[in-house]
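Asks: Sharing a sequence plus its predicted fold:
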Amino acid sequence: MKMVEELLQQAPFLRLDEELVTHLLTTTLREEVEKAGFQRVILGLSGGIDSAVSLYLAVRAFGKENVIAVRMPYKTSSPASLDDAQTAIDDTGVQAFTIDITPQIDAYFERMPEADALRRGNKMARERMSILYDLSAAHQALVVGTSNRTELLLGYGTQFGDVASAVNPLGDLYKTQVRQLAAYLGVPEQIITKPPSADLWENQTDEAELGFSYLEVDSLLYYMIDQQYTREQLKALFREELIEQVAKRIARNQYKRTTPIIIKLGNRTVGIDFRYLRDWGL
């Protein structure tokens, strides 16, 4: 795809071996889900590229009959996003549900009409995840995540909302790499090329909210995280303002990337001393 190829020409160091990555992701996804005792998976499908790629990977890993996609619009959600999600559903042939979250969101904020867009957006994200986990129990299907590496590093997501899942196939892929993989997997072109948006409020886009493009920040993160460049080395390649902004976001949002902290008292604290893998058996 022309758009994806143009992005990768600007940042060739982000290029993936699509066949190998797809094999690794689908194989490991299947292993982790089956290890937990499940045969089916469920995910929220927004109409955006991240959830679409997770959907297509899940179908390759489990077959369309074992994948459930859930659309959860709010009254201000983009109709185009709903249409794009439906296109992905039709293309993959998975079972799908549509649940309007407007009633519960509006009922909650009737008591707090002063709540700003950020609070409302976070509430929507957590409401959607609550619905997914309820349907997970109803259909015996493990929740698959849709957050990419760029979002996780920047903290661009809602804790216990869209960043929550049982297993996440995209968490080690930068946004630019998600685009590349989407093209390889056959995700519809209109999903790949449209401006990324969490669709948490009307006309919201990721890049406008963040203040920089995904290609720019993916390139910075590659040199900052993967190549471990020093601050002086980074300044030779990127704007100092961008370096500072991104570094602060990574540090400030570390709590979103960890499990809840347990205050240690005993000598076999869960997650610290008691860390047996679930497949070891007891």
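Replies: All right, it came through fine. Owing to the predicted nature of the structure, the values given are computational and were not obtained by experimental measurement.
Asks: So the residue nearest to residue 98 when sequence neighbours are not counted versus residue 153, what's the distance?
Replies: Leaving aside its sequence neighbours, residue 98 sits nearest to residue 71 (C-beta to C-beta, 6 or more residues apart in numbering; 4.4 Å). Every C-beta, even on glycine, is put in place using the N, C-alpha and C of the backbone. Distance, residue 71 to residue 153, using C-beta to C-beta, to the nearest Å: 28 Å.
Asks: Surely residue 44 and residue 132 touch.
Replies: Yes. Counting by C-beta atoms under 8 Å, residue 132 is a contact partner of residue 44 at 5.6 Å.
Asks: who are the neighbours in contact with residue 3?
Replies: By C-beta atoms under 8 Å, 6 or more residues apart in numbering, residue 3 lies in contact with 179, 192-193.
Asks: my bad, should have said residue 183
Replies: Residues in contact with residue 183 (C-beta under 8 Å, 6+ apart) are 1, 4, 192.
Asks: Touching, residue 131 and residue 99? I think so.
Replies: Yes. Between residue 131 and residue 99 a contact is recorded at 5.8 Å, counting by C-beta under 8 Å.
Asks: Name the residues contacting each of the two.
Replies: 70, 72.
Asks: Could you list the single helix or strand in this structure with the lowest mean pLDDT?
Replies: For the chain, scoring each helix and strand by mean pLDDT, DSSP states H and E identifies helix 206-210 as the least confident one, at a mean of 80.
Asks: Can you give the distance of it from its chain's centre?
Replies: Computed by C-alpha atoms, centre = their mean, to the nearest Å, the chain-centroid distance of helix 206-210 equals 16 Å.
Asks: So the residue most central in space within the chain, which state does it fall into?
Replies: Centroid check for the chain by C-alpha atoms, centre = their mean gives residue 147 as the closest residue, at 1.4 Å. Three-state call for residue 147 (DSSP: H, G, I helix; E, B strand; the rest coil): coil.
Asks: again, but for residue 68
Replies: Under three-state DSSP, residue 68 comes out as strand.
Asks: and it, what is it in contact with?
Replies: The neighbours of residue 68, taking C-beta under 8 Å, 6+ apart as the test, are 40-43, 94-97, 135, 139, 141.
Asks: next one: phi and psi at the nearest residue to residue 151 once chain neighbours are set aside?
Replies: In space, and not counting its chain neighbours, residue 151 is closest to residue 157: 5.1 Å by C-beta to C-beta, 6+ apart. According to degrees, to the nearest 10, the main-chain angles of residue 157 amount to phi -180, psi 170.
Asks: do you know how far residue 157 is from residue 265?
Replies: Separation of residue 157 from residue 265 (C-beta to C-beta) stands at 31 Å.
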